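Asks: predicted model follows, preceded by the sequence.
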Amino acid sequence: MKTKRIKFIALLAVLIIILSMLSGCALFSNEIGKMKEALMGRTAIVQTYDEESNIIDSIKGSSISISSEDKFNSKDEEGNTINKSSVINLTIGGKSMVHVGSSLILYEEGLTDIFNEYSKTVDIQNIDRSTPFVNRMVNDMKNFTTGKSRVVLIRSQSGKPLATFAGNKVSYFATGIDKSTGILIDGKYLFIYRCDYTIYDTELLE
């Protein structure tokens, strides 16, 4: 009886160690985020953009979840999916939004769009083109980027910058939704749909 108890305690200790190791890894954090999204949703901002990176609409809400609209999947005669749907379905506070086509980002409350702050103080159209745009923005916005190890620049499908985020711990993941990427920035979720993006080590831009 005593031997069984010792084995049980040892097994429990091993499980605790494994879970504590996993809790520090980005993959585990992402899975926790998916669970949170499925059960409670997120408080986040959803924005869509035209090719010139102008904001078409901006919606902020609680209990947000996002998924692929699978009924638009292309299937063969045997019912196997051959082309995944590019249509996405967002639920915002119990209300539905269906989207396809233009660039879209969803970023969790707590993330700051550096590009949005930068464009309030700088005439983007007349910026000195002899200095690379991202380098100049990062150096001008030191208060947002100091101590951050990676910068995520997001562009429209025509290549024009539309949003920028920075964080110390940045990881990216497949989402299961066509033409999209999930990114974790310091534990906060960023969803990118039909956008170009680049992730830089901040030191490269300073």
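Replies: That came through fine. Numbers count the residues shown, from 1 in each chain.

Asks: how about Lys169: what's its closest non-neighbour residue?
Replies: Asp186 (5.5 Å; C-beta to C-beta, 6 or more residues apart in numbering). Where C-beta positions appear, they are placed from N, C-alpha and C, glycine not excepted.

Asks: and the nearest residue to Ser158 once chain neighbours are set aside, how many neighbours does it have?
Replies: Nearest non-adjacent residue to Ser158, counting by C-beta to C-beta, 6+ apart: Glu51, 4.2 Å away. By other C-beta atoms under 10 Å, 12 other residues sit near Glu51.

Asks: separation between Glu51 and Asp178?
Replies: Going from Glu51 to Asp178 by C-beta to C-beta, to the nearest Å gives 19 Å.

Asks: then Asp50?
Replies: Distance, Asp50 to Asp178, using C-beta to C-beta: 20 Å.

Asks: could you do Ala166 as well?
Replies: In this view, Ala166 and Asp178 are 27 Å apart by C-beta to C-beta.

Asks: again with Thr146
Replies: From Thr146 to Asp178 the distance is 37 Å (C-beta to C-beta).

Asks: which helices and strands does the host helix or strand of Thr164 pack with?
Replies: Per DSSP states H and E, Thr164 falls inside strand 161-167. Packing contacts for strand 161-167, counted by 3 or more C-beta pairs under 8 Å, 6 or more residues apart in numbering; DSSP states H and E, involve strand 103-108, helix 114-121, helix 133-140, strand 150-155, strand 180-185.
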